[in-house]
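>>> Need a 3D model of the sequence below.
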Amino acid sequence: MANDDMNDLDSVDAEMKRRDESIRRLFADMQASGFSHANSYVTVVVFGSYAGMFAVWSNVKDRLSADMTYWTGMLIAISMMSFVAFEIFKMIILSQDMLAVRKLIIRDMSPEERDHLRLELAGKTNLFISRVIIPVWIAALAFTAMTGFAAGILLLTAFIRGLAKF
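Numbering: from 1, shown residues only. Now for the predicted structure:
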C-alpha cells in the first residue's frame, strides 16, 4: 500500500513538472510573439516618422540657419543609424537561430532526440530574447526616439518661426 502511495506521489509530481514546463514554454512563446509584433509595429511607425520628418525638413530647410541644418541633420542621422544598427543586430541573431534550426532539419536523429533538441533550442532562444534582445531593443528604441524627437523639435521650431513671420 505504501508503495502505491509513493507511485501516486511520483506520478503527481511528474505531472506537475510537465504542466509547469508546458506553461513556461507557453509564456516564452507568448513573449517571443509579442516582441515580434511590437518590433514590426515600431518599425512601421519609425519609418513613417522619418518620412514625415523629411517632408517637414524639405519645407523649412531654406529657412534654417547653417547651425540648425547641421544639428537637425546630425540628429536625424544618429537616430537612423541607431535604428539600422539594431536591425542589423537583430538580423544577425535571427540568422544564427535559423542556422541552428536548420541543423535540426538536416541531421539524422530519432523523433524523440529531435523533439528534445528542439525544446532545448527553443528554451535557449527564448532566454536569449528575454535577457539580451529585448533590453537591447528597448535601449535602441529609446535612443532612436530621443534623437529623432530632438530633430523633430528643431524642425518644428523652425516651422513655427516661419509661420510667425507671415
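
>>> ok, residues contacting stretch 82-89?
The contact list for stretch 82-89 (C-beta atoms under 8 Å, 6 or more residues apart in numbering) reads Thr43, Val46, Val136, Trp137, Ala140, Leu141, Phe143, Thr144, Thr147. Heads up, the C-betas are built off the backbone N, CA and C, glycines and all.

>>> what's the neighbour count on the residue nearest to the last one when sequence neighbours are not counted?
If the residues on either side of it in the chain are set aside, Thr147 comes closest to Ser79, at 4.0 Å by C-beta to C-beta, 6 or more residues apart in numbering. The local packing count at Ser79 equals 24, with neighbours defined by other C-beta atoms under 10 Å.

>>> Distance of Ser79 relative to Met53?
Ser79 is 9 Å from Met53, where distance means C-beta to C-beta, to the nearest Å.

>>> again with Phe89
From Phe89 over to Met53 the distance is 23 Å, taken as C-beta to C-beta.

>>> ok, these two, which is more surrounded?
Neighbours were tallied for Phe89 and for Met53 using other C-beta under 10 Å; the higher tally belongs to Met53 (21 against 15).

>>> Return the list of helices and strands in contact with the longest helix belonging to the chain.
Identified as the longest helix of the chain according to DSSP state H is helix 2-60. For helix 2-60, the packing partners by 3 or more C-beta pairs under 8 Å, 6 or more residues apart in numbering; DSSP states H and E come out as helix 66-106, helix 111-128, helix 134-164.

>>> With adjacent residues omitted, what lies nearest to Lys69?
Check again: residue 69 is Thr, not Lys. Going by C-beta to C-beta, 6+ apart, Thr69 has Lys61 as its nearest residue, at 6.6 Å.

>>> With Ile93 instead?
Ile133 (6.3 Å).

>>> Report how many residues lie close to that neighbour.
19.

>>> how much space between it and Tyr50?
Ile133 is 23 Å from Tyr50, by C-beta to C-beta.
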